[in-house]
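Enquirer: Structure of the sequence below:
(chains A, B and C)
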Amino acid sequence: MPELPEVETILRQLAAGSEAAPPLAGQVFSGVKLLWARSLAEPADPRALSEELIGQTILRLERRGKYLHFRLTRASLLIHLRMSGDLRVEAQSAPSKPHDRAVFNFESGWRLAFNDARKFGRVWYTRDAGRLLADLGPEPFDPGLTAERFQRMLSARRRLLKPLLLDQTFIAGLGNIYTDEALNLARLHPLIPSDQICLDQARALLQAVRDVLEDGIRSNGASIDWVYRGGDFQNHFRVYQRTGQPCPACGAAVERIIVGQRGTHFCPSCQRLPG
DNA sequence: CACGAGACCTGTTCGC
DNA sequence: TGCGAACAGGTCTCGT
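Expert: From the prediction side, this is the model:
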């Protein structure tokens, strides 16, 4: 379920807490249970994880791209939810759920459960979070990411727009939904080579990326299927999973093609391939 | 460097 | 009804 808006929504909920659960900051680890070994990417030895983690406090929660970053007393815990990951905070007395892969217990009696049906998600414990995040491209909302810089980034590569926007080393946080939505809003075909984008188009694309992500965050993300999260953005989709339905801008029927092995939705009328 | 295919996984939905 | 195929919000690695 997770692109930038979904990860941001989860982060905010974990940080704020609710009637049913406390904020995570301030919680002190008292134990870890790893239920699926490969969910732990680092350290290689899970025993080292519990030895190191126990006694440390969660100081603050951050997001970088699609990574959740918990800053601890002496290190960092990072979680990437990939396709089906989810996090719950609940009492340790609560029944566990199918597909729980890692459970972090706190001294307070609460716990954080990492649930992941498809087992693609990963957890890292490291003292060097910077190394893990080093290859990520800029945050879409980084004020330093100007239209001019974005246009230079696009022209420095020779890639198709859609796969390039999905590339986390180019820009961090976009996934299949928000890429399709942004390209439609910017009226750009997913197969345009990135070095053919002029400054005005780059400006429009950057604005569209920010608009759809902001919309997504405002809607608490998108909840498409059984990987549910309580978001509402699926009701704002312009093209994603709307094959055959009218483009909101011009009314032409949305088409679906495959680009880089990903389902890709676009309006054949608004989003023309030049030449 | 860019691209496509395959791998990693399970669950749901679609078509016959 | 049943069963296999297709598909899913992501990323990594390998071969060309």
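Enquirer: Excluding chain neighbours, what is closest to A:Asp211?
Expert: Nearest residue to A:Asp211, sequence neighbours excluded (CB to CB, 6 or more residues apart in numbering): A:Leu185, at 6.2 Å. All C-beta spots, glycine's among them, are computed from the backbone N, C-alpha and C.
Enquirer: Up against DNA strand C, what does the stretch 101-250 of chain A have?
Expert: For the stretch 101-250 of chain A, the residues found near DNA strand C under the criterion CB under 7 Å from any atom of the strand are A:118, A:120, A:166, A:168, A:175-177, A:221-229, A:231.
Enquirer: quick one on the thing from earlier: tell me the phi and psi of the residue nearest to A:Asp211?
Expert: When read as degrees, to the nearest 10, the backbone of A:Leu185 gives phi -60, psi -40.
Enquirer: if I look at it, how far off is DNA strand C?
Expert: The gap separating A:Leu185 from DNA strand C is 17 Å, by CB to the nearest atom of the strand, to the nearest Å.
Enquirer: ok, now which ones touch that residue?
Expert: Counting by CB atoms under 8 Å, 6 or more residues apart in numbering, A:Leu185 makes contact with A:Ala208, A:Asp211, A:Val212, A:Arg238.
Enquirer: Phi first, then psi, for whichever residue of the stretch 51-200 of chain A sits closest to DNA strand C.
Expert: Nearest residue of the stretch 51-200 of chain A to DNA strand C (CB to the nearest atom of the strand) works out as A:Gly175 at 1.8 Å. Backbone geometry at A:Gly175, expressed as degrees, to the nearest 10, gives phi -130, psi -160.
Enquirer: per the record, what domains does chain A have?
Expert: A:4-133, A:147-266 (automatic domain parsing).
Enquirer: Rebuild those as CSV, extending it with distance to A:Glu139.
Expert: Below are the domains of chain A laid out as CSV (distance: least, CB to CB, whole Å):
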stretch, distance to A:Glu139
domain A:4-133, 7
domain A:147-266, 6
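Enquirer: so can I have JSON lines of those showing mean pLDDT?
Expert: Below are the domains of chain A laid out as JSON lines (pLDDT from 0 to 100):
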{"stretch": "domain A:4-133", "mean pLDDT": "98"}
{"stretch": "domain A:147-266", "mean pLDDT": "97"}
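Enquirer: Around DNA strand B, pick out the residues from the stretch 151-275 of chain A.
Expert: A:Arg157, A:Arg158, A:Arg159, A:Leu160, A:Pro163, A:Leu164, A:Pro193, A:Asp225, A:Trp226, A:Gly260, A:Gln261.
Enquirer: the helices in chain A, which residues?
Expert: For chain A, applying DSSP state H gives helices covering A:4-16, A:46-53, A:129-133, A:147-155, A:161-166, A:176-185, A:199-218.
Enquirer: Nearest to A:Leu68, out of these?
Expert: The closest of these to A:Leu68 is helix A:4-16. By CB to CB, the value is 5.9 Å.
Enquirer: Setting the sequence-adjacent residues aside, check what's closest to A:Glu42.
Expert: Closest to A:Glu42 by CB to CB, 6+ apart is A:Trp124, at 4.4 Å.
Enquirer: who's in contact with the one you found?
Expert: Contact analysis of A:Trp124 by CB under 8 Å, 6+ apart lists A:Leu40, A:Ala41, A:Glu42, A:Ser76, A:Leu77, A:Leu78, A:Ile79, A:Leu132.
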